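Participant: Sequence below, structure please.
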Amino acid sequence: MHTSRILLAGTNSGCGKTTVTCAVLQALANRGIRIGAFKCGPDYIDPMFHSRIIGAKSSNLDLFFFKDNTFRYLLAKNSEQCEVSIMEGVMGFYDGAGLNTPYASSYDLAQKTDTPVVLVVNGKGLSLSVLAIIQGFAQLYPDSHIRGVILNQCTPMTYPALAEAIREHFGGQIQPLGYLPAMPECTLESRHLGLVTAAEVENLREKTQKLALQAEKSLDLDGILALSQSAPDLICDSVPLLRFDTPVRIAVARDRAFCFYYEDSLEALQEMGAELVPFSPLSDPRLPEDIHGLYLGGGYPELYKEALSQNKSMLASVHAALSAGLPCIAECGGFMYLNAAIDGTPMVGFLPGTCFDTGRLTRFGYVTLTAAQDNLLCSAGQSIAAHEFHHWDCTENGSGFSARKPSGKSWDCVAATDTLYAGFPHFHFYANPQFAENFYHACLKEKSRHD
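Facilitator: Numbers count the residues shown, from 1 in each chain. Here you go, the predicted structure:
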């Protein structure tokens, strides 16, 4: 199918690619254009910003998680009703799953989806040297797909001369597509996991509208759209999911403390036949009625530990449900919530561990999870790609799975039983749909116990 698409990539983390992406998304949304939004890599937070702007979900395209056909399928599927799809890169353009390979990088995504790239370059303190940066990125590997450049933190005085230099030096092969000046009033604050969540940014709508107004003035939006239309057709096969005749109800924690989910992963459960029932561990008195499964995603429970701990009826409700055998997936923040305490503050206590702040990223990065025993999601020996991104650790991390990094380093993790997956690693059901099928089967078994 034909999908007009563009990849906004950066020279490095912090160059402004999320700011530029939000400016472009908001400006195009203001024009009434139907937009698809995507994030390269496993990040949860940038898609939240995208979603707030376009009023629809933003999807992750992760080359470590997915087979080549799968991420092309998800790109095509989520672009189907869109006039243009905007993909935001991850880290620097060539930075991927290892230090010496571009595998799973933005470059790798551009290659495998044949998508034109606009490189975001921070122009602060630079003049003609921007040409060296652009040339280096364009020529490091064959066919970089870099077709345009946006200069971030560039002044209106210097941009015209730099744009002309770019046109002349690259002979029209790489087009200058505008600039954004320094806009400190539109800064998207950061936290240790990346940007703070979209719900937490004060006056987010006001900030993105200011960015959009500036984008209309100083970005070549028509040029960006024209470049997106040059992308060739996407070739992929559909990724079939098992459809169940009997529906189940799965409670999904969604509030300020628990908000990290891969939306395509949740939609996979819905396509199989599940009804997802949102609830708040912060404010609801108990779990929803008549549920057959529970999903506790990641987030920032450590920031809300007092409020979570004070909601004693919810803690008791979760403990009782799990003790009775309710199937449950608890990733990262959700795993922390199920333990005895976070930094000394009592939590659910279904698991015996105590969670503590290490002060640094712990076991950060991509891993392959392999089951050490039969469990809720798979049989012993089966695997799924996953990712860890946390500063906190736990005195009891479990031993139901082995996690292995691409470097070969490995460790035991995850409390895993016939009804529970609880650990720091996040995963995506499209990385191995059989895990979703097994979770659904467990929910059906739970439903049959009560029918």
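Participant: any idea which helix is longest in the chain?
Facilitator: Secondary structure of the chain read by DSSP state H shows that its longest helix is helix 433-450.
Participant: Quick one: list the elements packing against that one.
Facilitator: Other helices and strands packing on helix 433-450, by 3 or more C-beta pairs under 8 Å, 6 or more residues apart in numbering; DSSP states H and E, are strand 248-253, helix 263-272, strand 293-296. No exception for glycine: its C-beta is placed from N, CA and C like everyone else's.
Participant: So what's the gap between it and the chain middle?
Facilitator: Its chain's C-alpha centre and that of helix 433-450 lie 26 Å apart, by C-alpha atoms, centre = their mean, to the nearest Å.
Participant: Just want the angle from it to strand 248-253.
Facilitator: Here helix 433-450 runs at an angle of 110 degrees relative to strand 248-253 (axes from the mean of the first three to the mean of the last three C-alpha atoms, to 10 degrees).
Participant: follow-up on the earlier one: mind putting the helices and strands packed on helix 433-450 in a markdown table, distance to Ala132 and mean pLDDT included?
Facilitator: Output for those, formatted as a markdown table (distance: least, C-beta to C-beta, whole Å; pLDDT from 0 to 100):
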| stretch | distance to Ala132 | mean pLDDT |
| --- | --- | --- |
| strand 248-253 | 48 | 98 |
| helix 263-272 | 39 | 97 |
| strand 293-296 | 48 | 98 |
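Participant: Determine which of those approaches His2 most closely.
Facilitator: helix 263-272 (21.2 Å; C-beta to C-beta).
Participant: pretty sure Cys355 contacts Asn339?
Facilitator: Yes - counting by C-beta atoms under 8 Å, Cys355 touches Asn339, with 5.6 Å between them.
Participant: joint contacts of those two?
Facilitator: Shared contacts of Cys355 and Asn339, defined by C-beta atoms under 8 Å, 6 or more residues apart in numbering, comprise Cys394.
Participant: Tell me the spacing between Gln111 and Arg286.
Facilitator: Computed with C-beta to C-beta, to the nearest Å, the distance linking Gln111 and Arg286 is 49 Å.
Participant: no wait, Ile35
Facilitator: On the measure of C-beta to C-beta, Ile35 and Arg286 end up 39 Å apart.
Participant: same check, this time on Val248
Facilitator: The gap separating Val248 from Arg286 is 19 Å, by C-beta to C-beta.
Participant: likewise Leu151?
Facilitator: With distances taken as C-beta to C-beta, Leu151 is found 53 Å from Arg286.
Participant: Show me which of these two is the more surrounded one.
Facilitator: In this view Leu151 and Arg286 are compared by other C-beta atoms under 10 Å, and Leu151 has more residues nearby, 29 against 15.
Participant: Ranking helices and strands of this protein by mean pLDDT, which lands last?
Facilitator: Least confident helix or strand of the chain, by mean pLDDT, DSSP states H and E, is strand 194-195 with a mean of 46.
Participant: Going along the chain from it, find the next helix or strand for me.
Facilitator: helix 204-218 (DSSP states H and E).
Participant: Distance from the chain centre to that following helix, please.
Facilitator: Put simply, helix 204-218 sits 23 Å off its chain's centre (C-alpha atoms, centre = their mean).
Participant: need the strands for the stretch 301-450 of the chain, in chain order.
Facilitator: Applying DSSP state E, counting those that start in this stretch to the stretch 301-450 of the chain gives strands spanning 328-331, 341-342, 345-346, 354-357, 365-371, 383-388, 392-394, 401-404, 410-413, 415-416, 420-423, 426-427.
Participant: so which of these is the most packed in?
Facilitator: strand 420-423 (a mean of 29; mean count of other C-beta atoms under 10 Å).
Participant: model confidence over it, on average?
Facilitator: On average, the pLDDT along strand 420-423 is 98.
Participant: again, but for stretch 128-138
Facilitator: According to the model, stretch 128-138 has a mean pLDDT of 96.
Participant: got a list of contacts for it?
Facilitator: 11, 93-94, 119, 121, 123, 126, 144, 146, 149, 151, 162, 165-166, 169-170, 174.
Participant: same question, stretch 313-326
Facilitator: 281, 284-287, 291-294, 308-309, 328, 337-338, 346-350, 419-420, 446, 449.
Participant: Among those, name the buried ones.
Facilitator: Listed as buried from those are 281, 284, 287, 291-294, 308-309, 328, 337-338, 347-348, 350, 419-420, 446; burial here means 16 or more other C-beta atoms under 10 Å.
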